[in-house]
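**Student:** Sequence and predicted structure below; questions after.
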Amino acid sequence: MKKSFEADTGRVLNIVINSLYSEKEIFLRELISNSSDALDKRRFLSLTDSSLGAENSEYKISIMIDKKNKSLTISDNGIGMDEEDLIKSLGTIARSGTSEFLAELEKKASEKKDADVNLIGQFGVGFYSSFMVADNVVVISRKAGSHDCFKWSSDGTTGYEIEKLDNAEVGTTITLTVKAAAKEFLDETRLSFITKKYSDHISYPIDFSAGVGKEKKTINSASALWTRDKKDITPDQYNEFFRHIGAGYGEPFLTIHSKAEGTVSYTNLLFIPDKRPFDLFTAERNSKLKLYANRVFITDNCEDILPKWLRFVYGIIDTPDLDLNVSREMLQHNPALKRISKSLIKKVINELKKIKEKDGQKYDLFWKEFGQAFKEGIYEDADNKKNILALSKFYSSKSDDTIFLSDYLEGMHKNQEAIFYISSDTLDRAKTSPHLEGLKAKGIEVLFFVDPIDTFWLQMLPEFEEKKFTSITKGTIDLSKFDNEVKNKKKSDDNEKKAEKPDFSKLIERIKAELGENVSDVRLSNKLVDSPSCLVADEVGMDVQMERIMKMHDKDFAGAPRILELNENHEVILQLNKMPDKKKELIKDASFLLFDQAKIMEGQMPVDLGGFTRRLTQFMSGALK
Ligand code: ADP
């Protein structure tokens, strides 16, 4: 039966073959890792049904060169695949976010010609990497518990063929017909060298044979890396393990290998990668941990050990305090796992804290890649929210780099009681907001909350070290207390001037009447310097950004009308105030332009686009006359 590759599979193959060519040897790591996973799965199955286990319980991987046929064979007696598995696993790529990721990768590849290996590492090309070195790949597999055996073969161009075979052992044998350009992989010295490199930490024996009928040699120690003493593990071995578990192609940003003994005992070998995985923000927010009980793989689907906000932490947990027959459902309520979870979260937070204190630049690398996901913990984890917030970084009106809240507190004005922030959907919009003007003029720092999650965690944790977070787009802020002494003197001069200041009450009434239900009130502002107007929510109202998020989720969500604030020192407002009553139309148009302009500065559209352009054109014509 001939079948075509699904569209995304074809794209992955294309990228692998054309872009990854400088890293050809990784195909071996990918195939060994797949075999090791398959062995893990079979061993786990045999716990509940011994008839599915391997004879003599000897699980292993074999690698053999066949120079005569220019081929290389990797086989295992793992779980195996049936026909459906072969079609699903080797013909399609069913991971959400794949198309988007591939599009981004193809774009980068077309710009630079050579796609960044690290980028592909975020995705993991797995089995398909075989086609970098082979012009033909044959997979023969029989699934544990099934009598049928299937052969899958492909030249890696458009599709593959599947046929049924008679008798084969349970497990999978992959035969690569090696391309002329990759014949180095048929060389015994070269191949045994890379096999060693990629098999060092694998828990199963890997037998290596240099030719048909030649002696088989076990090439690794077959002890799980995490069970070894830290001092016996080299950085290279850690790096290889990191790549083996699919955490990336680079090097780990952080490695946490430790043992805990007490009410529950466990070993953890955790990694934070150097780059975010491609699916960090897909809806599933999948965990990247594998759970072992006494070195026996149990599951890689353990949502409950590390919370979703730590979904960028890869690695393994091995505990003897888990019944091997525990079902997936039981795992969820397992008290031992609950304890392990608590202590792991603490460990990760503490390690990050150490990096923050020791090496700020390094911490920034972490923050850039994972900060957005990490911050979700402030919203989701009541026990740890304060620690997470203390480790969070934000942009601010005074700094081009992100800062910690502790930095903010240090720079506060002596009369300042609140932490000021503005929420926005982009950094640029936050930076150019008219709401900032008054505070900026007084030298008061404002934090920019530009990730959607910021709006949510604020509800769970409205203060930091007893200082309340205060949105500068809500209510009024008394700026006068931030004047310094010299300025106070100036202020009294200002007050004298104020006495001569015009009365705006009539103008305010007019504008309010024109705008009607579009606004809840019109008043003079104390925070505008350069802009003529801005919109604010009242003290108890919804923050502008929160309202925008609500609108995204519910089209019919109307939101509450806002207060239009006017800058009494601005030329436009001063001139408008002098307009005689008979210029009614002009005042009306100006009112709407002031209102629409304030909306635009918040990233919103004017309500009546036609009216807005007509008014703008009219004012331009007037000015150009
Ligand atoms: P990944 O390993 O990241 O899932 P791969 O492309 O390497 O991606 O493999 C796809 C799937 O094919 C695996 O998830 C597994 O289900 C199946 N598979 C690959 N190799 C083997 C093998 N040796 N034995 C059993 N199943 C395998």
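**Tutor:** That came through, no problem. Residues are numbered from 1 along each chain as shown.

**Student:** Once you drop chain neighbours, what's closest to whatever residue of the chain ends up closest to the ligand?
**Tutor:** Proximity of the chain to the ligand (C-beta to the nearest ligand atom) peaks at Gly126, 2.3 Å away. In this view, the C-beta of every residue, glycine as well, is placed from N, C-alpha and C. Among residues not flanking Gly126 along the chain, Glu30 sits closest, at 5.1 Å (C-beta to C-beta, 6 or more residues apart in numbering).

**Student:** now do Ile233
**Tutor:** Leu225 (6.5 Å).

**Student:** Now do stretch 369-384: distance to the chain's middle.
**Tutor:** 11 Å (C-alpha atoms, centre = their mean, to the nearest Å).

**Student:** May I have stretch 251-269 exported as CSV, CA atoms only?
**Tutor:** Extracted C-alpha coordinates of stretch 251-269, given in CSV (Å, rounded to 0.1, in the frame of the first residue of the first chain):
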residue,chain,number,x,y,z
GLU,A,251,23.1,22.9,26.2
PRO,A,252,20.9,23.2,29.3
PHE,A,253,20.6,26.6,30.8
LEU,A,254,20.2,25.0,34.2
THR,A,255,20.7,21.4,35.5
ILE,A,256,19.3,20.3,38.8
HIS,A,257,20.4,16.8,39.7
SER,A,258,19.7,15.8,43.3
LYS,A,259,18.5,13.2,45.6
ALA,A,260,16.0,13.6,48.5
GLU,A,261,15.5,11.2,51.3
GLY,A,262,12.9,11.5,54.0
THR,A,263,9.2,10.8,54.1
VAL,A,264,9.4,10.3,50.4
SER,A,265,12.6,9.6,48.6
TYR,A,266,13.3,10.6,45.0
THR,A,267,16.0,11.5,42.5
ASN,A,268,15.5,14.3,40.1
LEU,A,269,17.5,15.2,37.0
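
**Student:** before we move on, the earlier item: the helix or strand containing the residue nearest to Gly126 near the ligand at all?
**Tutor:** Per DSSP states H and E, Glu30 falls inside helix 26-48. Yes - residues of helix 26-48 are located near the ligand by C-beta under 6 Å from any ligand atom, namely Glu30, Asn34, Ser35, Ala38.

**Student:** measure the residue positioned nearest the centre of the chain to Pro252 for me?
**Tutor:** What sits nearest the mean C-alpha location of the chain, by C-alpha atoms, centre = their mean, is Leu280, with 3.4 Å. Distance, Leu280 to Pro252, by C-beta to C-beta, to the nearest Å: 16 Å.

**Student:** What of Leu576?
**Tutor:** Distance from Leu576 to Pro252, by C-beta to C-beta: 62 Å.

**Student:** about what we covered before: neighbours of the residue of the chain closest to the ligand, how many?
**Tutor:** 19 (other C-beta atoms under 10 Å).

**Student:** tell me the contacts of it?
**Tutor:** By C-beta atoms under 8 Å, 6 or more residues apart in numbering, the contact set of Gly126 is Glu30, Ser33, Asn34, Gly246.

**Student:** Just the buried residues from those, in PyMOL please.
**Tutor:** Of the contacts of Gly126, the buried ones go into a single PyMOL selection, burial set by 16 or more other C-beta atoms under 10 Å:
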select buried, resi 30+33+34+246
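
**Student:** pLDDT for the contacts of Gly126 - can I get that in TSV?
**Tutor:** Formatted as TSV, these follow (pLDDT from 0 to 100):
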residue	pLDDT
Glu30	88
Ser33	91
Asn34	93
Gly246	86
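
**Student:** partners of whichever strand or helix holds Thr267, with directions?
**Tutor:** Assignment of secondary structure by DSSP H and E places Thr267 within strand 266-272. Strand pairing for strand 266-272, using DSSP bridges, gives strand 254-260 (antiparallel), strand 314-318 (antiparallel).

**Student:** how many neighbours does the nearest residue to Tyr292 once chain neighbours are set aside have?
**Tutor:** Closest residue to Tyr292 apart from its sequence neighbours, by C-beta to C-beta, 6+ apart: Asp318 at 4.0 Å. Neighbour count of Asp318, defined by other C-beta under 10 Å: 23.

**Student:** Contact residues of the stretch 51-200 of the chain facing the ligand?
**Tutor:** Asp76, Gly78, Ile79, Gly80, Met81, Ser89, Leu90, Gly124, Gly126, Phe127, Tyr128, Thr172.

**Student:** show me what contacts Lys358?
**Tutor:** Applying C-beta under 8 Å, 6+ apart to Lys358 gives no contacts.

**Student:** For it, give its distance to Leu352.
**Tutor:** 11 Å.

**Student:** Please settle this for me: is Ala283 part of a strand?
**Tutor:** No - read with DSSP: H, G, I helix; E, B strand; the rest coil, Ala283 is coil and lies in no strand.

**Student:** and it, what does it touch?
**Tutor:** Ser96.

**Student:** ok, now Thr157?
**Tutor:** Contacts of Thr157 (C-beta under 8 Å, 6+ apart): Leu13.

**Student:** Kindly report the same for Val544.
**Tutor:** With C-beta under 8 Å, 6+ apart, Val544 has these contacts: Ser423, Thr473, Leu535, Ala537, Arg562, Glu602.

**Student:** tell me the phi and psi of the residue nearest to the fifth one when sequence neighbours are not counted?
**Tutor:** So that's Arg562. For Arg562, ignoring the flanking residues on the chain, the nearest one in space by C-beta to C-beta, 6+ apart is Leu535 at 4.2 Å. Backbone torsions of Leu535, given as degrees, to the nearest 10, read phi -110, psi 130.
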